[in-house]
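Asks: what's the 3D shape of this:
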Amino acid sequence: MPCSIVINKSASKLQVNKGSYDLDRISDVQVKVLSWKDKILNMVMLGALVSSILFIFIPTEEQGQAMTLFLPAVAFLVGACMALVMSTKYEFRLEFRYSDGVGVQWFTAAKGRTTGDYQMFKAREAELKRYIQYKGCSLK
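Replies: Sure, this is the predicted structure:
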């Protein structure tokens, strides 16, 4: 799925795919290149999640001891493989100031796999950093 990032300065909005974010609430922006460490962490977390969800549906020991030991391991491997297949290489991240008391937090606004995505992310990062710096200078 192609990613689109549009900076609408007149409306003071950043549109990422179908999401829209207020430019005045963005504190910082970064493009992160994910390493194998990040991908392995995602694999372990999704594998553990799928395995733990399966524990809800596993029959009791009286109904089948072999299945009780076998299925969680298979579910972990399936979840880990799903995470590897769905993994991306680049993330476009925003530091956003929430108004509901959450504070300032980083979140991933878009993900990409290709070098074209990476180049677009870097261009939008530079443009947003200039806007944030200009906005910061004009407020002083």
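
Asks: low pLDDT regions in this structure?
Replies: The chain contains residues with pLDDT under 70 at 1-2, 58-67, 136-140.

Asks: quick check: which element contains the residue nearest the centre of the chain?
Replies: The centroid of the chain falls nearest to residue 108 when counting by Cα atoms, centre = their mean (4.1 Å). Assigned by DSSP states H and E, residue 108 belongs to strand 104-112.

Asks: tell me the strands beside that strand, with direction?
Replies: strand 90-97 (antiparallel) (DSSP bridges).

Asks: if we can go back for a sec, next, the buried residues of the strand holding residue 108.
Replies: Neighbour-count burial for strand 104-112 flags 109-112 (criterion: 16 or more other Cβ atoms under 10 Å). Placement of C-beta: from N, CA and C, glycine included.

Asks: hmm, back to that, the residue nearest to the centre of the chain and residue 93: what is the separation?
Replies: 5 Å (Cβ to Cβ, to the nearest Å).

Asks: measure residue 110 to residue 68 for me?
Replies: 41 Å.

Asks: likewise for residue 106?
Replies: 40 Å.

Asks: could you list the domains of the chain?
Replies: With domains defined by automatic domain parsing, the chain comprises 25-35+88-139, 37-86.

Asks: need those in CSV with distance to residue 16, can you?
Replies: As requested, the domains of the chain are exported to CSV (distance: least, Cβ to Cβ, whole Å):
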stretch, distance to residue 16
domain 25-35+88-139, 4
domain 37-86, 19
